[in-house]
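Colleague: could you look at this predicted model? Sequence included:
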Amino acid sequence: MPARFAILFVVRPSAPSSSSTERAADKSFSTIARERSCFGAFLGEIVRSFLAAVSFKSLVSSYWFGGAVFGEAGHINIGADRASQSQVVGDFVRAGANVTLSSDVVSGDEAYRANPFIGLEMSISRQEYGGDKSAPVLSPASAAITLEAAIKAYTVNGARQLDKENELGSLVAGKLADFVVLDKNPFDVEIAVIHQIKPVATVIGGRLVYGKL
């Protein structure tokens, strides 16, 4: 029997997409990309100077970290120099911000990228997921985070952002028993295969709702 690993996720559910929603998202993609890239870039310029002095919370869409799929929009809209300092999540973590990872997927075609295991892998590698070690690394490479930090960003940090850290986010006596059991321990596999990890059981409020324990 393969080793199993239990982990709790706090994941924002995506709203069901519709054809009109998808058309609107496609129509406004350039504007969305420009705003999002500007936010990542400008915050990267100021984060080192005052982030540690304020109570800062950051929600980041981890499926942008690869750069290869969506990075071109940033270069076009804000220029290569600023785009090269985009999505500096590692700076946020090191400065003490409460960083959470999730997804802003808005279309059915992109829904698969909301997979948190894709997000975990890309947070660590800053490369498009899939195992190609020659894939471009989203600059700056120093903005990558550790697996431990990425897991916290999907779990306990999310609960803290919701002001529910006393109820959710970690497996502690007195909190809700919400967790998944995985087919592999993410700490025991190569970074490039983290996206392949699958849940084999899901427990919500102490009740098994999927799979077997």
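Modeller: Right, received. Where do you want to start? Residues are numbered from 1 along each chain as shown.

Colleague: and the residue lying closest to Glu165 once chain neighbours are set aside, how far from Leu176?
Modeller: Excluding its sequence neighbours, the residue lying closest to Glu165 (CB to CB, 6 or more residues apart in numbering) is Ala159, at 4.6 Å. Using the backbone N, CA and C atoms, a C-beta is placed for each residue, glycine as well. Per CB to CB, to the nearest Å, Ala159 is found 10 Å from Leu176.

Colleague: mutual contacts of these two, please.
Modeller: Glu167, Leu168 (CB atoms under 8 Å, 6 or more residues apart in numbering).

Colleague: looking at these two, which is more packed in?
Modeller: Ala159 (21 against 17; other CB atoms under 10 Å).

Colleague: which SS state does Gln85 fall under?
Modeller: coil (DSSP: H, G, I helix; E, B strand; the rest coil).

Colleague: thinking it is in contact with Ser139, fair?
Modeller: Yes - using CB atoms under 8 Å, Gln85 is in contact with Ser139, at 7.4 Å.

Colleague: helices along the protein, start to end?
Modeller: Remark: helices assigned in the chain by DSSP state H are 19-27, 29-50, 71-78, 80-83, 89-94, 116-125, 147-154, 156-161.

Colleague: can you check the pLDDT for the closest residue to Leu213 other than its chain neighbours?
Modeller: Take Leu213 and drop its neighbours on the chain: the residue closest to it by CB to CB, 6+ apart is Ala201, 5.2 Å away. We have a pLDDT of 96 for Ala201.

Colleague: give me the beta-bridge partners of Ala201?
Modeller: Val181, Gly211 (DSSP bridges).

Colleague: got the contact list for it?
Modeller: Val180, Val181, Leu208, Tyr210, Gly211, Lys212, Leu213.

Colleague: max pairwise distance over those: which two?
Modeller: Using CB to CB, the contacts of Ala201 span at most 12.6 Å, a distance reached by Val180 and Lys212.

Colleague: surely Met122 is in contact with Phe65?
Modeller: Yes - counting by CB under 8 Å, Met122 sits close enough to Phe65 to count as a contact (4.1 Å).

Colleague: got any ranges where the protein has weak pLDDT?
Modeller: 1-56, 67-74 (pLDDT under 70).

Colleague: if we go to 80?
Modeller: 1-64, 66-87, 104-108, 110, 131 (pLDDT under 80).

Colleague: quick revisit: just curious, which of the contacts of Ala201 is nearest to Arg94?
Modeller: For the contacts of Ala201, the nearest to Arg94 is Val180 (28.3 Å; CB to CB).

Colleague: what's the neighbour count on that closest one?
Modeller: 20.
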